[in-house]
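Enquirer: got a structure for you, letters missing:
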């Protein structure tokens, strides 16, 4: 989402080489580029102007440290200012049982899906969520929420007979009390734009249920319009937090950078995909790092801890280190990586990988590789050396692929196995240590085995790194 902004911010400081001290004169062009980049990303003009002023005040007069370049020093300052802009510190929800959350927003912003995502997050913490359908005007919205509730084994409450939203809310609270629900999520109706009827209805619902949290679900693709929507809702009902959706899309990112400053309402969560698991707590410092192309290793490790089987990852890593791995291991490895979500999203969390493109082609390649391996018998997967011409023809046909695709996969496997055998020797270990030291700042390379063997180099089905 922030690729264009990241590129332009990077270009802004390439002409600062050799500068010993940051001054207004040598910073002028760079700061103009920063302001232009922010406005192009759909950041509110007032926010862009304020941001550039603060960066300028923090930069001008600073001596450039010998250990870093002028550009690096300015990037550090911009990172700090971005964190302030996005809202310092992670904002949590009120701790209360039962916790009542009212979800509001425009039609199509993703309220219903976010309601389920929020419920899933709390269920993982041992809570008992209740989804309440407070959009009686669209039967499809009730059906969608009911389907998600059944899928995730949540409690569900709806009244399809009438359109008295405050009464639905009151009855739902009584139902939640009887069922001992820990979390009540009220999914309200949306409109194509903010209007008096919508505001009046959510005001009455608020009065009836006394919510502990009022969360606005805002579509980041709306740009500055999303900021105006947030401002209108906040003035009407008093928001306690914002959920930004579609951060995995091609939006320019201006909404995320403007929202907190204009509304003074914290961003608490963000939707990063269509699946119920594609939901994250909003960390301003981590998002700032992603914008500046520095990755987000902390979030990546958290994803790995949540979705990857540690014992299985360790087993795969050891087999790869001993060059004993086979196609059965490759299949297990790919399935571990898939659990962590979209491949492109994962790669962008790695430092320096944000500019690399991992789209549908790479996802498709991974699926094709998985299909080829699944077309093999378990015996063939464990013993790739027996894959003769007739077996290869049968496997390719079963996967709906060409024999050349299977041959390329086998060749890549053989090359990787050969490389891993070389790495087992003394020279190989020295080479790995040298590579690790050159990638300073990425931590202990040995621990990458915990990410499902992702540190093992290039492997079939995944793009070459």
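Expert: Noted; the coordinates are in hand. Because the structure is predicted, anything quoted here is derived from the model rather than measured.

Enquirer: where along the stretch 101-250 of the chain do the strands fall?
Expert: 129-134, 155-157, 183-188, 213-219, 241-245 (DSSP state E, counting those that start in this stretch).

Enquirer: and if you look at the stretch 251-400 of the chain?
Expert: 267-271, 279-281.

Enquirer: Ok, which of those comes nearest residue 152?
Expert: For residue 152, the closest of the strands of the stretch 251-400 of the chain is strand 279-281, at 12.0 Å, according to Cβ to Cβ. In this view, the C-beta of every residue, glycine as well, is placed from N, C-alpha and C.

Enquirer: partners of that closest one, with directions?
Expert: If you go by DSSP bridges, strand 279-281 pairs up with strand 267-271 (antiparallel).

Enquirer: Residue ranges in the stretch 301-450 of the chain under the pLDDT threshold?
Expert: For the stretch 301-450 of the chain, applying pLDDT under 70 flags the ranges 301-310, 312-313, 316-317, 320-323, 339-362, 423-450.

Enquirer: Tell me the helices and strands packed up against the longest helix along the chain.
Expert: Counting residues, the longest helix in the chain under DSSP state H turns out to be helix 403-423. The contact analysis (3 or more Cβ pairs under 8 Å, 6 or more residues apart in numbering; DSSP states H and E) places helix 403-423 against helix 310-321, helix 360-374, helix 389-399, helix 426-438.

Enquirer: got the contact list for stretch 139-148?
Expert: 112-113, 115-116, 131, 133, 135-136, 154, 156, 158, 160, 187, 189, 276 (Cβ atoms under 8 Å, 6 or more residues apart in numbering).

Enquirer: Could you pull up the residues touching residue 152?
Expert: Contacts for residue 152 (Cβ under 8 Å, 6+ apart) come out as 116, 119-120, 123, 276.

Enquirer: how close does it get to residue 119?
Expert: Using Cβ to Cβ, to the nearest Å, we find residue 152 at a distance of 6 Å from residue 119.

Enquirer: And residue 135, by the same measure?
Expert: 16 Å.

Enquirer: quick check: domain ranges of this structure?
Expert: Split into domains by automatic domain parsing, the chain comes to 3-86, 99-294, 300-456.

Enquirer: shaky segments in the stretch 1-150 of the chain?
Expert: For the stretch 1-150 of the chain, the ranges with pLDDT under 70 are 1-4, 10, 12-20, 62-72, 88-89.

Enquirer: just the helices in it please.
Expert: 3-11, 24-40, 45-59, 70-86, 111-123, 139-152 (DSSP state H, counting those that start in this stretch).

Enquirer: Of the ones you listed, which stretch is the most buried?
Expert: Highest mean neighbour count of the helices of the stretch 1-150 of the chain: helix 111-123, a mean of 23 (counted as mean count of other Cβ atoms under 10 Å).

Enquirer: So which elements touch that one?
Expert: strand 99-104, strand 129-134, helix 139-152, strand 183-188, strand 213-219, strand 241-245, strand 267-271, strand 279-281.

Enquirer: Quick one: closest of these to residue 79.
Expert: Taking those one by one with Cβ to Cβ, strand 267-271 is closest: 17.3 Å.

Enquirer: now what about the closest one, what contacts it?
Expert: Contacts for strand 267-271 (Cβ under 8 Å, 6+ apart): 86-87, 91-93, 110, 113-114, 117-118, 215, 241-248, 256, 259-260, 278-282, 284, 287.

Enquirer: Which among the residues you listed count as buried?
Expert: Taking 16 or more other Cβ atoms under 10 Å as the criterion, what is buried in these is 86-87, 91, 93, 110, 113-114, 117-118, 215, 241-248, 256, 259-260, 278-280, 282, 284, 287.

Enquirer: Start and end of stretch 396-406, how far apart?
Expert: 6 Å (Cα to Cα, to the nearest Å).

Enquirer: Equivalent analysis for stretch 114-133, please.
Expert: For stretch 114-133, the end-to-end distance is 13 Å (Cα to Cα).

Enquirer: Distance from the chain centre to it, please.
Expert: 19 Å (Cα atoms, centre = their mean, to the nearest Å).

Enquirer: Report the separation between the residue lying farthest from the centre of the chain and residue 34.
Expert: Distance from the C-alpha centroid of the chain peaks at residue 390, with 43.8 Å (Cα atoms, centre = their mean). Going from residue 390 to residue 34 by Cβ to Cβ gives 62 Å.

Enquirer: re the thing from before, output the strands of the stretch 101-250 of the chain as JSON lines; include the columns distance to residue 325.
Expert: What follows is the strands of the stretch 101-250 of the chain, written out as JSON lines (distance: least, Cβ to Cβ, whole Å):
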{"stretch": "strand 129-134", "distance to residue 325": "41"}
{"stretch": "strand 155-157", "distance to residue 325": "45"}
{"stretch": "strand 183-188", "distance to residue 325": "43"}
{"stretch": "strand 213-219", "distance to residue 325": "44"}
{"stretch": "strand 241-245", "distance to residue 325": "39"}
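
Enquirer: Nearest to residue 6 among the ones you listed would be which one?
Expert: Nearest of these (Cβ to Cβ): strand 241-245, 17.6 Å.

Enquirer: What strands line up against the closest one, and which way round?
Expert: By DSSP bridges, strand 241-245 pairs with strand 213-219 (parallel), strand 267-271 (parallel).

Enquirer: Got phi/psi on the one residue sitting closest to the centre of the chain?
Expert: Centroid check for the chain by Cα atoms, centre = their mean gives residue 272 as the closest residue, at 4.3 Å. Phi and psi for residue 272, reported as degrees, to the nearest 10, are phi -120, psi 20.

Enquirer: In this structure it contacts residue 278, no?
Expert: Yes. Counting by Cβ atoms under 8 Å, residue 278 is a contact partner of residue 272 at 4.9 Å.
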